[in-house]
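Undergrad: take this sequence and fold it.
(one chain, ligands or ions: 1)
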Amino acid sequence: MTDKILRLGVLASGGGTNLQSIIDRCHDKSLTAEIAVVISNNPGSGALERANKAGIATRCIDHRTFESREAFDTTVVATLQEAEVDLVVLAGFMRIISEPFIEAFPLRIINIHPALLPSFPGLHVQRKAIEYGARFSGCTVHFVDGGVDTGPIIIQAVVPILDDDCEASLSARILEQEHKIYPRAIQLFAEGRLKVEGRKVRILPPDEVATGALINPL
Ligand code: GRF
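TA: Coordinates of the predicted model:
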């Protein structure tokens, strides 16, 4: 008997480049998972287009047609359950999810954030990192808990902030790393290697770790 393949439910509101990186890694089999459904709250999202092109089931659940966040979330949860999703992957999903949603998928919802958490949670974080004068930023994949961008951290990538960076150039540099670390985090989950102990996520057996320091400016 073969192991059951991990079924993903991807939630996305925007262009869907993170979704695309997950689709591509599933195709080249470096990610041993399948996307059961892609859900978007935005009828015009590039994510829905990309999923359709890849022959993946899609659902558009427009939040503007619901009376409350809870009612919207109830429909999203039911759709994910119907698709027998094992792991919920938030990939640029621009909605805060409610407690009942989180409880429906305990430690089975992950998110990607374009900053080095716990610095710069929330929105417009690339711009905030530049304005703050930080020398590094990056991206973080984390489990979702009840807070905004506060859950246990799975993996991070660091990029330098350059003197002439604007929001777009820094976002592009970070996005390139997002496309690497998100499929990798999902693969660790698929292999059953993520053990959450309080705030810490242990990777078992441990992977090689980055030990070198980065200094900017050199
Ligand atoms: C990414 O930067 C992600 O970190 C953030 O929203 C952006 C989504 O980009 N949460 P895309 O839709 O995957 O291209």
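Undergrad: near the ligand, which residues of this protein show up?
TA: Proximity of the chain to the ligand is confined to 12, 14-18, 91-92, 112-114, 175, 178 under the rule Cβ under 6 Å from any ligand atom. Every C-beta, even on glycine, is put in place using the N, C-alpha and C of the backbone.
Undergrad: TSV for those, including distance to Ile155, secondary structure and pLDDT?
TA: Compiled in TSV, the residues of the chain next to the ligand are given as follows (distance: Cβ to Cβ, whole Å; DSSP: H, G, I helix; E, B strand; the rest coil; pLDDT from 0 to 100):
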residue	distance to Ile155	secondary structure	pLDDT
Ala12	19	coil	98
Gly14	21	coil	97
Gly15	22	coil	97
Gly16	21	coil	98
Thr17	18	helix	98
Asn18	14	helix	98
Ala91	15	coil	98
Gly92	17	coil	97
Ile112	10	strand	98
His113	12	strand	98
Pro114	14	coil	98
Leu175	15	helix	98
Glu178	11	helix	98
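Undergrad: any chance of those residues in a markdown table, with neighbour count and distance to Glu191 too?
TA: Converted to a markdown table, those look like this (neighbours: other Cβ atoms under 10 Å; distance: Cβ to Cβ, whole Å):
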| residue | neighbour count | distance to Glu191 |
| --- | --- | --- |
| Ala12 | 28 | 24 |
| Gly14 | 17 | 29 |
| Gly15 | 16 | 29 |
| Gly16 | 23 | 25 |
| Thr17 | 17 | 24 |
| Asn18 | 24 | 20 |
| Ala91 | 25 | 20 |
| Gly92 | 24 | 25 |
| Ile112 | 24 | 19 |
| His113 | 23 | 23 |
| Pro114 | 20 | 25 |
| Leu175 | 19 | 25 |
| Glu178 | 23 | 20 |
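Undergrad: how about these in CSV, adding distance to Asp145?
TA: Shown next, in CSV, are the residues of the chain next to the ligand (distance: Cβ to Cβ, whole Å):
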residue, distance to Asp145
Ala12, 20
Gly14, 23
Gly15, 26
Gly16, 25
Thr17, 25
Asn18, 20
Ala91, 18
Gly92, 19
Ile112, 15
His113, 13
Pro114, 19
Leu175, 24
Glu178, 20
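Undergrad: give me the residue from this structure nearest the ligand.
TA: Closest approach between the chain and the ligand, counting by Cβ to the nearest ligand atom: Gly92, at 2.6 Å.
Undergrad: can you pull the contacts of that residue?
TA: Listed by Cβ atoms under 8 Å, 6 or more residues apart in numbering, the contact partners of Gly92 are Ala12, Ser13, Gly14, Gly15, Gly16, Asn18, Leu19, Ala47, Ile112.
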